[in-house]
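[1] What follows is a protein structure lacking sequence information:
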Ligand SMILES: Cc1cc2nc3c(=O)[nH]c(=O)nc-3n(C[C@H](O)[C@H](O)[C@H](O)COP(=O)(O)OP(=O)(O)OC[C@H]3O[C@@H](n4cnc5c(N)ncnc54)[C@H](O)[C@@H]3O)c2cc1C
Ligand code: SF4
Ligand code: SF4
């Protein structure tokens, strides 16, 4: 499969961030002026357990270069167990992506608490770099899907 | 009085943390009440037996509470209770006496006390059938059988089941003042519900579309709050969300294969609109440079 590898490109990353932890962690990174790449667009969700595989596929079909899911640390989930469901679905999603020919590294799940602005910046930077290295577009991107 | 021979003991030894703070021999947690309860018992013993020798072996004294440290000081300084920092290794019976062998951490030397009475302060532990009760009520509990609060800081007497509140030792080791504070809070939380003619709730709840629901009940499995029940619709089994209990986490929505479940806020339509909106921006303006990403 040949793919245009534009190393210097600016990836677009869809961030599905739990309202109670990562979304607040992202806010904290901002208010404490911690620098990180600006490629991720944050979408607030009530819980990482809310993330349906459809969200991930929709993002990839639309042309997202990466999908970042942010949830509460194990045992810290606001809804007690949502992050465990997220973790299980994530593992399945990774192998499904591999199966359909998308680099599994385009998807990540990170635990970031509301007090971890620095960690937020760190994991976002790392993920953005990884996605950049993978190039674009992802093999699921479909043109003319814009709604 | 020593029960075995009916005589007043002349030497009494209290041993702290028996079965607490030691994952290899008991529970890893601190039982919280024993330092103070032992000091209290030792002081009571002193009032009955003015001439007895009274020892108290401890790991460290946990007297965090209003007036608590002062009480322990009083036991040591005015009531002549000898507090020894050390964990007794064993108690041996010898000629009718109980020999307590320990180290004395401050002098670094072994110490032996021949006692008439040894009092073990056993670790606090949950009732054996606590998990059963928790399962009946549908509330969470930890590996030691203590019930879980909804949030350790912000919702300390509520549980994951709306309308079920906890207070006191069932939640974890604590003393009377703390139990009473929690119980008062729990009572007020219950009154909040009972004093109203109508309940108000967060609008963020899930809802089943019974036409789409296949009745597989996968959603029920993932709902930590037991907000989903079986219902009947057009003579078949369907799921139903109790909106008074639902906390709006969305786990069921993601689990429903048939797309029968939907949230009232953070619903699929909204989230898809946010995702597709990101990519609807004309080329070249997306990303860091343009700054006019459609989101927010
Ligand atoms: C030796 C000792 C000394 C102490 N001294 C002090 C002290 O000096 N000062 C202090 O502040 N604290 C002290 N405490 C701690 C104090 O006892 C507790 O904080 C307090 O009892 C907790 O109250 P509670 O109502 O939560 O639990 P409990 O007093 O244990 O009451 C629970 C009740 O629930 C009942 N129950 C359990 N399961 C069920 C069921 N399934 N159905 C119906 N009923 C059920 C039990 O029978 C019990 O009556 C001491 C504790 C001990 C062990
Ligand atoms: S998972 Fe969906 S289809 Fe299955 S019972 Fe729940 S709502 Fe109905
Ligand atoms: S949204 Fe969460 S709490 Fe509400 S019914 Fe679904 S799984 Fe249960």
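    Arrived safely. Given the structure is predicted, the values throughout are model-derived calculations rather than measurements. Ligands and ions are numbered 1, 2, ... in the order given.

[2] Flag every residue of chain B that's near ligand 2.
    B:208, B:213-219, B:238-239, B:255-256, B:258, B:260-261 (C-beta under 6 Å from any ligand atom). C-beta: built from backbone N, CA, C; applies to glycine.

[3] Please repeat the previous calculation with a cut-off of 5 Å.
    Applying C-beta under 5 Å from any ligand atom, we find that chain B lies next to ligand 2 at B:208, B:213-214, B:216-219, B:239, B:256, B:258, B:260-261.

[4] Looking at those, which has the smallest pLDDT value?
    Across the set of the residues of chain B next to ligand 2, residue B:258 stands lowest in pLDDT, at 90.

[5] Now restrict the residues of chain B next to ligand 2 to buried residues only.
    B:208, B:213, B:216, B:218-219, B:239, B:256, B:260-261 (16 or more other C-beta atoms under 10 Å in any protein chain shown).

[6] related to what we said a few turns ago, pick out whichever of the residues of chain B next to ligand 2 sits closest to residue A:43.
    residue B:261 (19.4 Å; C-beta to C-beta).

[7] tell me the contacts of that closest one?
    The contact partners of residue B:261, taken as C-beta atoms under 8 Å, 6 or more residues apart in numbering or on different chains, are B:206-209, B:213, B:219, B:239, B:241, B:252-253, B:255.

[8] So which of these belong to helices?
    B:219, B:252-253, B:255 (DSSP state H).

[9] Give me the buried subset of those residues.
    Judged by 16+ other C-beta under 10 Å, buried ones among those: B:219, B:252-253, B:255.

[10] Which single one of those residues is nearest to residue A:59?
    Looking across these and measuring by C-beta to C-beta, the closest to residue A:59 is residue B:253, at 17.2 Å.

[11] what residues does the stretch 1-150 of chain B put near ligand 1?
    So far as C-beta under 5 Å from any ligand atom goes, the stretch 1-150 of chain B lies against ligand 1 at B:33, B:37, B:40, B:133.

[12] Please tell me which one of those counts the most neighbours.
    residue B:33 (18 neighbours; other C-beta atoms under 10 Å in any protein chain shown).

[13] Tell me the residue of chain A that sits nearest ligand 2?
    Residue nearest to ligand 2 within chain A (C-beta to the nearest ligand atom): residue A:52, separated by 12.0 Å.

[14] Against residue A:141, how distant is that residue?
    20 Å (C-beta to C-beta, to the nearest Å).

[15] out of those two, which sits in the more crowded spot?
    residue A:52 (20 against 16).

[16] Name all residues that make contact with the more buried one.
    Counted by C-beta under 8 Å, 6+ apart, residue A:52 has contacts B:253-254, B:268.

[17] quick one: it from residue B:14, how far?
    58 Å.

[18] The one helix or strand residue B:272 maps to close to chain A?
    According to DSSP states H and E, residue B:272 maps onto helix B:268-279. Yes: Helix B:268-279 reaches chain A (C-beta under 8 Å from any C-beta of the partner chain) through B:268, B:271-272, B:274-276, B:278-279.

[19] Just give the closest residue to residue 22, not the sequence neighbours.
    Unless you meant another one, I'm taking chain A. residue A:70 (2.7 Å; C-beta to C-beta, 6 or more residues apart in numbering or on different chains).

[20] nope, chain B please
    Residue B:22's closest residue in space is residue B:28 (C-beta to C-beta, 6+ apart), at 7.3 Å.

[21] so what pLDDT did the one you found get?
    pLDDT, read off for residue B:28, is 92.

[22] Now for it, how many residues are close by?
    Counted with other C-beta under 10 Å, residue B:28 comes out at 12.

[23] any idea how far residue B:216 is from it?
    Taken as C-beta to C-beta, the span from residue B:28 to residue B:216 is 41 Å.

[24] Could you list the low-pLDDT ranges of chain B?
    Applying pLDDT under 70 to chain B flags residues B:281-296.

[25] Check whether residue B:39 really touches residue B:71, as I assumed.
    Yes: counting by C-beta atoms under 8 Å, residue B:39 touches residue B:71, with 6.0 Å between them.

[26] need the helices for the stretch 101-250 of chain B, in chain order.
    With DSSP state H, counting those that start in this stretch as the criterion, the stretch 101-250 of chain B has helices at B:130-137, B:176-194, B:218-222.

[27] and residue A:89, what does it touch?
    Per C-beta under 8 Å, 6+ apart, neighbours of residue A:89: A:51, A:53, B:254.

[28] Please tell me how far the second one sits from residue A:92.
    Separation of residue A:53 from residue A:92 (C-beta to C-beta) stands at 8 Å.

[29] try the first one
    Taking C-beta to C-beta as the criterion, residue A:51 is separated from residue A:92 by 12 Å.

[30] Quick one: neighbours of the closest residue in space to residue B:159 that isn't next to it in sequence, just the number.
    Nearest non-adjacent residue to residue B:159, counting by C-beta to C-beta, 6+ apart: residue B:139, 4.1 Å away. Residues near residue B:139, counting by other C-beta under 10 Å, number 22.

[31] Residue B:161 is in contact with residue B:139, correct?
    Yes: under the criterion of C-beta under 8 Å, residue B:139 makes contact with residue B:161 at 5.0 Å.

[32] about what we covered before: the more surrounded of residue A:51 and residue A:92?
    residue A:51 (28 against 10).

[33] The more buried one touches residue A:16, doesn't it?
    Yes: Residue A:51 is in contact with residue A:16 according to C-beta under 8 Å; the separation is 5.3 Å.

[34] Name the residues contacting each of these two.
    A:45, A:69.

[35] Tell me the secondary structure at residue B:92.
    Put simply, residue B:92 is strand when judged by DSSP: H, G, I helix; E, B strand; the rest coil.

[36] and it, what is it in contact with?
    Contacts of residue B:92 (C-beta under 8 Å, 6+ apart): B:98-99, B:101.

[37] and of those, the nearest to residue B:169?
    Using C-beta to C-beta, the contacts of residue B:92 come closest to residue B:169 at residue B:98, 29.7 Å.

[38] So for whichever strand or helix holds that closest one, what gets flagged as buried?
    Residue B:98 belongs to strand B:97-104 when assigned by DSSP H and E. Neighbour-count burial for strand B:97-104 flags B:98-100, B:102-103 (criterion: 16+ other C-beta under 10 Å).
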